[in-house]
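J.: sharing a model that was predicted from the sequence below.
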Amino acid sequence: MNLRQFINNLTSTNSAPTDSLYTFRFFMVCIGSFLFFVSFNMLIPELPSYLSKMGGESYKGFIIALFTVTAGLSRPFTGKLTDTIGRVPIMVTGTVFCMVCSSLYPFAEVVLGFLMLRLLHGFSTGFTPTGTTAYLADISAPHKRGEALSIQSFFSHLGMAVAPFSGSWIAQTYSLPALFGVSAVIAFIAFLMLGSMPETLHNKQRFTWKMLRISKTDLFEPHVLQPAVITLLTLYAFGVILTLIPDFSVSLGIANKGIFYVYYTLASLLSRLFGGRVSDIYGRKVVVKIGIIGMIVGLCVIAYANKPATLFLGAVVYGLGSGLNTPALFAWAIDRSSHLYRGRALATIYIFLETGIGSGAFLAGWLLNQTHQFAPAFISAAFASVLALFIAFVPEKSSFNSI
């Protein structure tokens, strides 16, 4: 490719998929995703203390729970709407929820108002990720789909990695209202970037209230059952990690509860850079199997860690496996789905993903209460991943592999 072709690819607004991945639209969506994830993740470290100041200390558990509930409930709607009114409106709607909620937090002076905002804020992650993933699938050639989703995933997770630190810095250096303001401005910039993209859905329809009627077929895309079940089983481990790692870190004498996640995130970001491209060349299943094996090994190391260095080693191995696994699973689901129901396929994957995280978190707490040991929960996560590995070897029927 010469310089002129490269510049043309960067500035092209053609909505059809092109053989060149690195177009202007591609980078706009990736940067928009980065900003979106920064916007809502930068609030998370400061929200517990904010809730405590208004007398809601006993409701801290609802900060994440309410957000997750509405994100999960919105998936069937966003999947259907992505396939009917278009990808861009869904991407933009999520940024609007993010922007409005961040702007209103300073005015939430009672616990009930705060919790209602968390419910509303959860809709943002139910909308924007579904729309951006479908959009990138539309503009990427099938043989580069894994690479596209890996790079988008890299930007998204980079946003989640830098947001908590930057959010706390803003709150401590300036003020909490300043943090909410910065979050709203970042969401607004994401709104402008994603809203400027040309629509990729052909024959899109005008929104009507009837579209919000959800049938059984809107809840689940059967063609993506295999990657969806694997997603549930492997993300069960992440629910366990989110729940137990802070206390496990303290038990090993680690003062900073977040160090584990630094090692995990860096390793995950590294493998995401090349995992999708490898899946384009050698197939989704090959990369998924390798990723699951890495996760199993990492979980076993974590389960029997008796010193910080061992725990961090497990974080790196698990992170490498997870970074390979997740983008390949999403690319696999898109390969299996028809272009007409791509949004529904992605919504299915997200529903299974959130179910896996939620069940892992719940069962981790239950196992810890029953055994008073950390290892059983991590071993249960390893067994769930072993089951996922067996399912990955099951032959499947032909896919749509559509553009």
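T.: All right, it came through fine.

J.: which residues in the stretch 201-350 of the chain form helices?
T.: Remark: helices assigned in the stretch 201-350 of the chain by DSSP state H, counting those that start in this stretch are 216-219, 225-251, 259-282, 284-303, 308-336, 342-371.

J.: those: which one's closest to Val92?
T.: helix 342-371 (14.6 Å; Cβ to Cβ). For the C-beta atoms, the positions are set from N, CA and C on the backbone; glycine is no exception.

J.: distance from the chain centre to that closest one, please.
T.: Relative to its chain's centre, helix 342-371 lies at 13 Å (Cα atoms, centre = their mean, to the nearest Å).

J.: kindly report the same for stretch 86-93.
T.: Here stretch 86-93 is found 17 Å from its chain centre; the criterion is Cα atoms, centre = their mean.

J.: pLDDT of that stretch, averaged?
T.: Stretch 86-93 shows a mean pLDDT of 94.

J.: next one: stretch 363-379
T.: 89.

J.: list the contacts of it.
T.: 236-237, 239-240, 243-244, 247-248, 251, 299-300, 302-304, 380 (Cβ atoms under 8 Å, 6 or more residues apart in numbering).

J.: if you set the cut-off to 7 Å instead, what comes out?
T.: 239-240, 243-244, 248, 299, 302-304, 380 (Cβ atoms under 7 Å, 6 or more residues apart in numbering).

J.: and Val394, how many neighbours?
T.: Per other Cβ atoms under 10 Å, the neighbour tally for Val394 reads 10.

J.: that one: what secondary structure?
T.: With DSSP: H, G, I helix; E, B strand; the rest coil as the basis, Val394 sits in coil.

J.: and it, what does it touch?
T.: Applying Cβ under 7 Å, 6+ apart, the residues near Val394 are Gln226.

J.: quick one: it from Phe26, how far?
T.: 33 Å (Cβ to Cβ, to the nearest Å).

J.: that older thread, ok, which of the helices of the stretch 201-350 of the chain comes nearest Tyr50?
T.: helix 225-251 (19.5 Å).

J.: circling back to that earlier point, include distance to Leu387 and mean neighbour count when you put the helices of the stretch 201-350 of the chain into JSON lines, please.
T.: As requested, these are arranged in JSON lines below (distance: least, Cβ to Cβ, whole Å; neighbours: other Cβ atoms under 10 Å):
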{"stretch": "helix 216-219", "distance to Leu387": "23", "mean neighbour count": "14"}
{"stretch": "helix 225-251", "distance to Leu387": "6", "mean neighbour count": "22"}
{"stretch": "helix 259-282", "distance to Leu387": "21", "mean neighbour count": "20"}
{"stretch": "helix 284-303", "distance to Leu387": "10", "mean neighbour count": "23"}
{"stretch": "helix 308-336", "distance to Leu387": "14", "mean neighbour count": "25"}
{"stretch": "helix 342-371", "distance to Leu387": "12", "mean neighbour count": "21"}
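
J.: among those helices, which comes closest to Ala187?
T.: Among the helices of the stretch 201-350 of the chain, the nearest to Ala187 by Cβ to Cβ is helix 342-371 (20.0 Å).

J.: domain parsing of this protein, as residue ranges.
T.: 1-211, 220-395 (automatic domain parsing).

J.: out of the ones you listed, which gets the lowest mean score?
T.: Across those, the lowest-scoring stretch is domain 1-211, with a mean of 83.

J.: distance between that domain and the chain's centre?
T.: 10 Å.

J.: cool, stretch 276-290 as well?
T.: 19 Å.

J.: CA atoms only for that stretch, dumped as CSV, please.
T.: The C-alpha trace of stretch 276-290 is given here as CSV (Å, rounded to 0.1, in the frame of the first residue of the first chain):
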residue,chain,number,x,y,z
GLY,A,276,-7.1,-11.4,17.3
ARG,A,277,-4.7,-11.4,14.4
VAL,A,278,-3.6,-14.9,15.3
SER,A,279,-7.3,-16.0,15.4
ASP,A,280,-7.7,-14.5,11.8
ILE,A,281,-4.9,-16.7,10.6
TYR,A,282,-5.3,-19.9,12.5
GLY,A,283,-9.0,-19.8,13.5
ARG,A,284,-11.0,-18.7,16.5
LYS,A,285,-11.2,-22.1,18.2
VAL,A,286,-7.4,-22.5,18.2
VAL,A,287,-6.9,-19.2,20.0
VAL,A,288,-9.8,-19.8,22.4
LYS,A,289,-8.4,-23.2,23.4
ILE,A,290,-4.9,-21.7,24.0
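
J.: quick one: the helix or strand where Thr130 lies to helix 342-371, angle?
T.: Using DSSP states H and E, Thr130 sits within helix 111-139. Following axes from the mean of the first three to the mean of the last three Cα atoms, to 10 degrees, one obtains 130 degrees for the angle between helix 111-139 and helix 342-371.
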